[in-house]
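Asker: the following block contains a protein sequence and its predicted model.
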Amino acid sequence: MHLQQITSRLHFARTKHANWTIYRGPDGLVLLDSGYLGQRAELEESLGRVGRSPGDVDAVLVTHAHADHLGGASWLADEYGVPVFGGEREVPHLRREFLEQVGPPDVLRNAFRPGVLAWAVEILPLLRGQPGLAVPSARAVPDCGGRVDVPGRPAAVAASGHTTGSTMFHFEGEGAVVVGDALVTGHRTSRRSGPQLLLPMFHADTETARRSLVHLAALDAEVLLPGHGQSWAGKPADAVARALVA
Ligand SMILES: [Zn+2]
C-alpha cells in the first residue's frame, strides 16, 4: 500500500489491485472506495497512517459496486455501523438486487489477452469467496444543495457505463476528482500507464462509459484519483482526450 498525500485533506491509497481515497478534514473522515474484502489490513494501515482507525470513519462513498471497491465498505458497515452511500442508480447494485460484474465466463473469453489470467489468479484470494458481496444498508448519497452531505461535501457526478450507476466525486475545494473506474491510469490487464479505459469485459456498457467521460471533461480540477493506477496531475479534459484515443 502506497499512501500519497494529494492535499492537506485528501490522501490517495494505491495498492497493486485497487485504490481508495481518504478525506480527513476538521468536519470528519470519509473513505471513497475501499478495496477488496481481503485488503482489510491495507485499509486499516492507510487509516492508521492518517492518524485514524476504522471506528472513526463517518461515511463511505462508493463509486460503484464492484468487489474491488466495496470490500472495506462491507465490513465497516457490518462491524462499525458506518453508513455506505452510492449514486442513486447504483444503490440496487450495492444491495445486489442485480450484479454487473465480470465473471468467470468473461475471464475465460478474454484469457488470450496479456495479463488477464494472471490478474484473475491474483485477485481470487482477495475476494474471500464473496465475489458478489452486498451492502444491504447502502443508501443514495444524501444531497445538500447539489453536494453530498458528508464531510468534505464533494459533488456527485454521474458516470454511467462502467456500471449503470457509476459515480465520480468532485472535491472542488481540493481541486480533485475521485473517478473510480470511469477512467483509470493503469491496471494489471493493461501494459500501458496513463489515462485509459479498462478492457471492455469490465464495463456494463463500454459505449456509454466512453460517452460519460464528457461529464468528467467538464470538471475543473488539477488531479484525478482513479480506482486503478497512479494519481494523474492535470486537467480532466486532457485526461479524457488521452483516454479516448488510447
Ligand atoms: Zn475497479
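Answerer: Done, it's in. As the structure is a computational prediction, the values presented were derived from the model and not from experiment.
Asker: C-alpha from now on. contacts and neighbour counts both.
Answerer: Will do.
Asker: now the strands for this structure?
Answerer: Residue ranges of the strands in the chain, as given by DSSP state E, are 2-5, 10-14, 19-25, 28-32, 59-62, 84-86, 139-140, 143-144, 147-148, 155-158, 167-171, 176-180, 223-226, 232-233.
Asker: for the spatially most central residue of the chain, which non-adjacent residue is closest in space?
Answerer: In the chain, the C-alpha nearest the mean C-alpha coordinate belongs to Gly180, at 3.4 Å (CA atoms, centre = their mean). Once flanking residues are discounted, Gly180 sits nearest to Gly227: 4.4 Å by CA to CA, 6 or more residues apart in numbering.
Asker: that neighbour against Asn19, yeah?
Answerer: Yes: the pair Gly227 / Asn19 is scored as a contact, 4.9 Å apart, by CA atoms under 8 Å.
Asker: more crowded one of these two?
Answerer: Counted by other CA atoms under 10 Å, Gly227 and Asn19 do not tie: Gly227 has more neighbours, with 32 against 28.
Asker: re the thing from before, show me the common contact partners of Gly227 and Asn19, please.
Answerer: Here Gly227 and Asn19 share the contacting residues 33, 69, scored by CA atoms under 8 Å, 6 or more residues apart in numbering.
Asker: quick one: Leu31 and Asp238, what's the gap?
Answerer: 27 Å (CA to CA, to the nearest Å).
Asker: hmm, I was thinking of Gln5
Answerer: Taking CA to CA, one finds Gln5 at 22 Å from Asp238.
Asker: what's the answer for Ala77, then?
Answerer: From Ala77 across to Asp238, the span is 37 Å (CA to CA).
Asker: and these two? Which one has more around it.
Answerer: When neighbours are counted by other CA under 10 Å, Ala77 and Asp238 differ, and Ala77 comes out ahead with 18 against 11.
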